[in-house]
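Quick check, what structure comes out for this input:
(2 chains)
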Amino acid sequence: MRSHRQRIKHLLLYASTTLITLAVLFPVIFGFFTSFKPNPETFTYPPKLMPQSWTIKSYTSVLSQQRYLRYFLNGYLISISSTLLCVFLGALAGYGLSRFRLPAKRSLMLAILALQMFPGAILMISYFNLSRALGLYDTYLALILIDTTFALSLVIWLLKSYFDSIPVSLEEAALVDGCSRSRALLSIVAPLARAGFIGTGVFAFIRAWNEFMFALILTKGPERAPVTVGLAELFGQYSIQWNGVMALTVVATFPLLIVFIFVQRYIIKGITSGAVK
Amino acid sequence: MRRRFRDRYDMEGFLFLAPALTLLVLSIAFPLFRVIQRSFQEYSAQVGAFQYVGLKQYQHLFSDPLFWISVRNTFIFTIGSIALHLGFAYPIALLLNARWPNVKIRNFFRGAFILPFLFSPPAAALLWGLLFRPLGPLNYGLSKLGVGQIAFLGDSSWALFSVMLVNSWVYFPLYMILILGGLQSIPKIFYDAARVDGANWIQRFIYVTLPQMRTLVMTVILIDFATSFIHFDLVWTMTKGGPLRSTYLISFFLYEKGLRNFRLGYGSAVGVVIALIMAICISVYVFVAIRREEAAV
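Predicted coordinates:
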């Protein structure tokens, strides 16, 4: 009797969750199938979910355009550089905050956390002027630095709490044996903190890859602009080719999906252990 | 005295902090200082340089009707987004936190719900643009239900709601993960105790889950406010503030005045006022939240 009720409960749980998932993911599912439709089929009414005749023409045509390949190249260069920079700076700062007795440490940490709520957009005029003045307008470096800046405060916090969870005794033993601080960080703490680096790195990568506003303001065309700018200019175009647009959307999101599937555990652990305190 | 300071602190630690702090100061503190400075200036063509004009830009701003339209829209957008985010995230987090017979299946669903977050704002805008088309699947569904066509983004009475919906779709996973983390950290023993006292699941939710989650939900609202109030990406891609300024947010006002019309002083004043509005709202919120927390204890 009891197990019977249990089974019904589980069935309900599965069924309701599946339904909600399908509803939430409907835009993704519909867009995904649209990318495999030949162009005329994207206009049929009533709209059909599945393509009548499958084709990958939209993918080949999008990926053979120099313009879009350039957007992707820019996106990868900017995101990967800013991810590396962000994790490097965040690891150093997080280690410093975790392992040293510093004056005004609490206030400093609160200030770093408060930065997370800072409305970065209000600086757009300054960034525009400064990038012009410093010759950084329409360069990768400007976007790399800005992406790093706005992911950094959370990365510092997450890595600080990650380092807190690694026992100090290991390093102390190494320090007693005459190992230097930086050496201890590199060869003892860093390997133990790998999961933390991966989690925060993925976070920084997703943020940088999806960043749009500063990319719009600080670049002037496909030469240096990342994928988001390329996607945004397609929206609301008069003669929009929906299958091609969806193919581009799929291709632009695919790297994140792959990264995400492999490291899902770390991200969720990283976010939930560090942020909820 | 000096000895004691040295004994108490390891100043070496600042070497580790220096690179990150340098970047933050150069890329946030300095630009912020420039924005504040510029907001009291105006470019004079005769002199060919910026001149101090006192509060002129601010006076001008407060008498600009478009500014007030953008403030109104931004508040509606922010409050609506927070409500929708929590409305999506909380129930789904509860569902994922239920007793699943198979953890792997639960993790699969959790991953599926996070998927929308992976789409960049422009990509999400495109996905929804396809659904929102006059002859798209959403309107087809509505016609099946006997409701007439809706121009989701073209009708000024629908547009703000439509962009809020898409905004909630993209960002709810973030809040879902935070809430799920909170739910999982509630000690099991509380539920066991409630069960022993004969509480059913509704009572357990009201008397254990809700109070235990209060601080976290307050934090989520705070984070969401700080992000939604200055939102730009998604709505800009979809509507650029139209139709009829019905989705015109304060960040668009900032962008158009400052960088499109190149009124740098005016735009800077907009930036400062945005920061002030947010600071006031956050202070009031935190103050009230702490007050209530104390009252509850």
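
so how far is residue B:208 from the residue nearest the centre of chain A?
Centroid check for chain A by Cα atoms, centre = their mean gives residue A:206 as the closest residue, at 0.8 Å. Taking Cβ to Cβ, to the nearest Å as the measure, residue A:206 falls 34 Å from residue B:208. No exception for glycine: its C-beta is placed from N, CA and C like everyone else's.

interface residues of the stretch 151-297 of chain B facing chain A?
Contacts of the stretch 151-297 of chain B with chain A, taken as Cβ under 8 Å from any Cβ of the partner chain, map to B:169, B:177-178, B:180-182, B:184-185, B:216, B:219, B:222-223, B:226, B:229-230, B:232-233, B:236-238, B:251, B:254-255, B:258-259, B:264, B:267-268, B:270-272, B:274-275, B:278, B:282.

Now residue B:224. Nearest residue, chain neighbours left out?
What sits nearest to residue B:224 in space, not counting adjacent residues and going by Cβ to Cβ, 6 or more residues apart in numbering or on different chains, is residue B:82, at 4.7 Å.

what do you get for residue B:227?
Using Cβ to Cβ, 6+ apart, the closest residue to residue B:227 is residue B:171 (7.5 Å).

Count the residues that sit near the one you found.
24 (other Cβ atoms under 10 Å in any protein chain shown).

Surely it and residue B:117 touch.
Yes. When contacts are counted by Cβ atoms under 8 Å, residue B:171 is listed as touching residue B:117 (6.8 Å).

For the residue nearest to residue B:224, grab the count of nearby residues.
Neighbour tally, residue B:82, other Cβ under 10 Å: 21.

Residue B:227 is in contact with that one, correct?
No. The pair formed by residue B:82 and residue B:227 falls short of the contact definition of Cβ under 8 Å, at 9.8 Å.

Residue A:174 versus residue B:37, what's the distance?
Applying Cβ to Cβ to residue B:37 and residue A:174 gives a distance of 48 Å.

Likewise for residue B:287?
Applying Cβ to Cβ, the value for residue B:287 to residue A:174 is 47 Å.

what residues are up against residue A:255?
Residue A:255 makes contact with A:76, A:209 under the criterion Cβ atoms under 8 Å, 6 or more residues apart in numbering or on different chains.

one step back: for residue B:287 and residue A:174, indicate the residue with more neighbours.
residue A:174 (18 against 10).

and the more buried one, that one's in a helix?
Yes. Counting by DSSP: H, G, I helix; E, B strand; the rest coil, residue A:174 is part of a helix.

Which of the helices or strands spans the residue nearest to the centre of chain A?
Using DSSP states H and E, residue A:206 falls within helix A:194-210.

who does that helix touch, helix- and strand-wise?
Secondary-structure packing of helix A:194-210 (3 or more Cβ pairs under 8 Å, 6 or more residues apart in numbering or on different chains; DSSP states H and E): helix A:66-99, helix A:140-164, helix A:227-232, helix A:242-275.

Centre of the chain to it, how far?
Chain-centre distance of helix A:194-210: 6 Å, with Cα atoms, centre = their mean, to the nearest Å.

What residues of that helix count as buried?
For helix A:194-210, burial by neighbour count (16 or more other Cβ atoms under 10 Å in any protein chain shown) applies to A:196-210.

Strands of chain B, start to end?
Taking DSSP state E to define them, one finds strands in chain B at B:41-44, B:49-52.

closest one to chain A among those?
Closest to chain A of the strands of chain B is strand B:49-52 (Cβ to the nearest Cβ; 10.8 Å).

Determine the set of other helices and strands touching the closest one.
Strand B:49-52 packs on strand B:41-44, going by 3+ Cβ pairs under 8 Å, 6+ apart.

now what about the strand it packs on, what contacts it?
By Cβ under 8 Å, 6+ apart, the residues outside strand B:41-44 that reach it are B:49-53, B:56-57, B:264-266, B:268.

could you redo those residues as JSON lines and give each row pLDDT and neighbour count?
Listed next are the contacts of strand B:41-44 as JSON lines, based on pLDDT from 0 to 100; neighbours: other Cβ atoms under 10 Å in any protein chain shown:
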{"residue": "B:49", "pLDDT": "86", "neighbour count": "9"}
{"residue": "B:50", "pLDDT": "88", "neighbour count": "15"}
{"residue": "B:51", "pLDDT": "88", "neighbour count": "12"}
{"residue": "B:52", "pLDDT": "91", "neighbour count": "10"}
{"residue": "B:53", "pLDDT": "90", "neighbour count": "17"}
{"residue": "B:56", "pLDDT": "92", "neighbour count": "15"}
{"residue": "B:57", "pLDDT": "93", "neighbour count": "25"}
{"residue": "B:264", "pLDDT": "91", "neighbour count": "24"}
{"residue": "B:265", "pLDDT": "93", "neighbour count": "24"}
{"residue": "B:266", "pLDDT": "94", "neighbour count": "23"}
{"residue": "B:268", "pLDDT": "95", "neighbour count": "27"}
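
Dump those to TSV, plus distance to residue A:227.
Formatted as TSV, the contacts of strand B:41-44 follow (distance: Cβ to Cβ, whole Å):
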residue	distance to residue A:227
B:49	39
B:50	36
B:51	42
B:52	42
B:53	41
B:56	41
B:57	36
B:264	30
B:265	34
B:266	32
B:268	30
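
so what's the residue nearest to residue B:224 up against?
By Cβ under 8 Å, 6+ apart, the contact set of residue B:82 is B:221, B:224-225, B:228.

which one of these is nearest chain A?
Set against chain A, the nearest of those by Cβ to the nearest Cβ is residue B:225 (8.4 Å).

My read is that the closest one contacts residue B:283, right?
No. In this structure, residue B:225 is not within contact of residue B:283 by Cβ under 8 Å, at 11.9 Å.

between the two, which one's more packed in?
Each of residue B:225 and residue B:283 has its neighbours counted (other Cβ under 10 Å); residue B:225 has more, 19 against 10.

Now the more buried one. Nearest residue, chain neighbours left out?
The shortest distance from residue B:225 to any non-neighbouring residue, by Cβ to Cβ, 6+ apart, is to residue B:78 (6.1 Å).

For the one you found, give me its contacts.
By Cβ under 8 Å, 6+ apart, the contact list for residue B:78 reads B:224-225, B:228-229, B:231.

where does the stretch 1-150 of chain A have low pLDDT?
Residues of the stretch 1-150 of chain A that meet the criterion pLDDT under 70 lie in A:1-2.

at 80 what do you get?
A:1-3 (pLDDT under 80).

Cross the residues of the stretch 151-297 of chain B next to chain A against helices and list the overlap.
Counting by DSSP state H, the part of those found in helices is B:169, B:177-178, B:180-182, B:184, B:216, B:219, B:222-223, B:226, B:233, B:236-238, B:251, B:254-255, B:264, B:267-268, B:270-272, B:274-275, B:278, B:282.

just to revisit the earlier point, which of the residues of the stretch 151-297 of chain B next to chain A are buried?
Neighbour counting with 16+ other Cβ under 10 Å marks B:169, B:177-178, B:180-182, B:216, B:219, B:222-223, B:226, B:229-230, B:232-233, B:236-238, B:251, B:254-255, B:258-259, B:264, B:267-268, B:270-272, B:274-275, B:278, B:282 as buried within those.

Next one: the nearest residue to residue B:205 once chain neighbours are set aside from residue B:28, what distance?
Distance criterion Cβ to Cβ, 6+ apart; nearest residue to residue B:205, sequence neighbours excluded, is residue B:94 at 7.9 Å. Distance of residue B:94 to residue B:28, computed by Cβ to Cβ: 37 Å.

between those two, which one's more packed in?
Between residue B:94 and residue B:28, counted using other Cβ under 10 Å, residue B:28 has the larger neighbour count: 19 against 14.

Next, the contact list for residue 128, please.
Here I'm looking at chain A. Applying Cβ under 8 Å, 6+ apart, we find residue A:128 in contact with A:137, A:217-218, B:259.

not quite, I wanted chain B
Listed by Cβ under 8 Å, 6+ apart, the contact set of residue B:128 reads A:27, B:162, B:166, B:169, B:238.
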